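Student: Quick one: sequence and predicted model below, then my questions.
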Amino acid sequence: MKKAKAFVNWGKSVVKVVVVGGGWSGCAAAWAAAKAGADVVLLERTDLLLGTGLVGGIFRNNGRYTAAEEIIALGGGAIIHGMDSVARHKNISFPGHEHASLYDVTLIESVIKSILLQQGVTIRTQTRVTDVIRYGRKIYQVMADGGEVITGEVFIDATGTAGPMGNCLTYGNGCAMCVLRCPSYGPRVSLTARAQVKERMGQKADGSFGAMSGSCKLQKDSLAPDVRAELEKSGVVLLPMPERLREKIALGKKACTQYAIPEYQATLVLLDTGHAKMMTSYFDLADLRTIPGLELARFADPYAGGRGNSVRYLGIAPCDNTLKVTGMDNLFCSGEKSGIMVGHSEAILTGLLSGHNAVRHCLDMEYLELPRTLAAGDYIAYVHEKMDQLQSLTVRYTFSGAEYFMRMKELSLYTTDREAIETRVAQAGMTGIFSKCLI
């Protein structure tokens, strides 16, 4: 048996935070913890940060505009501004969505990585955590491939809910060779599960477990010249869906319920995120090539987008509204791990809160719970309430549509008035809370 190696490259702070998972929520958690004054190491099993954010690109649409501006007013604007800096299109509309921005998925990773490094976060890519070392309700160390042991005072589970391959085989249409790249970098391992905390599983409309990622990417060069030109000019192209193909669109399987509306059955929606983002979970390639303008279409991600996509919501941690994992003393969670949530803005919000509260934990401070007078606070609390109430987890929640966006409007939480949002955050006493050093 190989002797374990200890990771000891810490700085001078009294607070040592280990974030496992480098998707949107993990990056936000690492940034927030470092901003609060901690020494932070971010562990990501692949060679790139952002996870499914590498195939996303949509933000500020519908209630996500409100969420983004609240995050900025709360002090977490560095990441939102990073997204804004590489937006290919701003203030565009497509079915069911207004004033959207589309960031360039080919540029965003380097921007966010730079923001983290400037804040002093230690980033360890190709570092796959495989187990935890705990005593009772407390984690002391995590173990990575090769036996390396990494010690911390508090841990954040941002490992997500998608993968490994076995889940896509069991609950989806097989491994679609997506951006998660499980065969190359090893399967996702959940800190929460390794700590022997029972997780919950989301469901599709038919009751089966999981939900498929809601879009694919096409190579722009494979589009007809006029389609590509229009896409790059306006950011969106709507192609009529032939009647004979409409029944093949599997809306009920989508993770993104805000796009599971009739318009997406009748229309093929393409968005310019650097690639051509196609708003379907998968689409048979032979059928796709019968649509005018897509005669030479090829998938950029997932490579097997003609048959399937990644399957998500297969490992949700029980947690409270401070995002501390139930049953553990020093484990927090974020992103899809913290609730049946959809979207980048949602992941960033939960990441900021978990990173901030992780530092508060080490300082014996009262944990921060965002007030329900803010969309951010109401969203987290509402998702957890609904998850506790429902016998099944078939409903997903997002600022950008479906059930929660309707709630935002009913409660007058939705607005695009920045001054009103800043005032609301100030009245809650939360201005700049995520940018304050606590140590």
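Tutor: Great, that's in hand.
Student: now the strands: where do they sit in the stretch 251-400 of the chain?
Tutor: 267-272, 276-278, 299-301, 311-312, 331-333 (DSSP state E, counting those that start in this stretch).
Student: Now do the first one: which elements does it pack against?
Tutor: Spelled out, it's strand 267-272. The elements that strand 267-272 packs onto, with contact taken as 3 or more C-beta pairs under 8 Å, 6 or more residues apart in numbering; DSSP states H and E, are strand 87-94, helix 225-234, strand 236-240, strand 276-278. All C-beta atoms are positioned from the backbone trio N, CA, C, and that covers glycine.
Student: what does the average pLDDT come to for it?
Tutor: Mean pLDDT, computed over strand 267-272, is 94.
Student: what's the answer for the fourth one, then?
Tutor: Confidence for strand 311-312, expressed as mean pLDDT, is 92.
Student: sorry, back to before: out of the strands of the stretch 251-400 of the chain, which gets nearest to residue 137?
Tutor: Nearest of the strands of the stretch 251-400 of the chain to residue 137, taken as C-beta to C-beta: strand 331-333 at 8.7 Å.
Student: Please list the outside residues in contact with that closest one.
Tutor: 29, 139, 154-158, 191-192, 195, 197, 317, 319, 322-325, 350, 354-355, 357-358, 361 (C-beta atoms under 8 Å, 6 or more residues apart in numbering).
Student: got it, and stretch 377-384?
Tutor: For stretch 377-384, the external contacting residues (C-beta under 8 Å, 6+ apart) are 67, 319-321, 323, 338-341, 346, 349-350, 353, 369-372, 397, 399, 404, 407-408, 411, 413, 428.
Student: ok, back up a step: would you turn the helices and strands packed on strand 267-272 into CSV with mean pLDDT, distance to residue 63 and mean neighbour count?
Tutor: Shown next, in CSV, are those (pLDDT from 0 to 100; distance: least, C-beta to C-beta, whole Å; neighbours: other C-beta atoms under 10 Å):
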stretch, mean pLDDT, distance to residue 63, mean neighbour count
strand 87-94, 97, 15, 18
helix 225-234, 98, 23, 15
strand 236-240, 95, 19, 17
strand 276-278, 96, 20, 24
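Student: Now intersect the contacts of strand 331-333 with the helices, please.
Tutor: Among the contacts of strand 331-333, DSSP state H puts 29, 191, 192, 350, 354, 355, 357, 358, 361 in helices.
Student: want to throw those into JSON lines with pLDDT and distance to residue 217?
Tutor: Shown next, in JSON lines, are those (pLDDT from 0 to 100; distance: C-beta to C-beta, whole Å):
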{"residue": "29", "pLDDT": "98", "distance to residue 217": "26"}
{"residue": "191", "pLDDT": "96", "distance to residue 217": "30"}
{"residue": "192", "pLDDT": "97", "distance to residue 217": "30"}
{"residue": "350", "pLDDT": "98", "distance to residue 217": "25"}
{"residue": "354", "pLDDT": "98", "distance to residue 217": "29"}
{"residue": "355", "pLDDT": "98", "distance to residue 217": "29"}
{"residue": "357", "pLDDT": "98", "distance to residue 217": "35"}
{"residue": "358", "pLDDT": "98", "distance to residue 217": "34"}
{"residue": "361", "pLDDT": "97", "distance to residue 217": "39"}
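Student: Quick one: the residues you listed as JSON lines, columns for neighbour count and distance to residue 387 too.
Tutor: Formatted as JSON lines, the ones in helices among the contacts of strand 331-333 follow (neighbours: other C-beta atoms under 10 Å; distance: C-beta to C-beta, whole Å):
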{"residue": "29", "neighbour count": "38", "distance to residue 387": "21"}
{"residue": "191", "neighbour count": "28", "distance to residue 387": "20"}
{"residue": "192", "neighbour count": "25", "distance to residue 387": "15"}
{"residue": "350", "neighbour count": "30", "distance to residue 387": "14"}
{"residue": "354", "neighbour count": "33", "distance to residue 387": "17"}
{"residue": "355", "neighbour count": "33", "distance to residue 387": "22"}
{"residue": "357", "neighbour count": "25", "distance to residue 387": "19"}
{"residue": "358", "neighbour count": "33", "distance to residue 387": "22"}
{"residue": "361", "neighbour count": "20", "distance to residue 387": "23"}
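Student: Which of those sits closest to residue 418?
Tutor: When these are compared for distance to residue 418 (C-beta to C-beta), residue 350 wins out at 22.4 Å.
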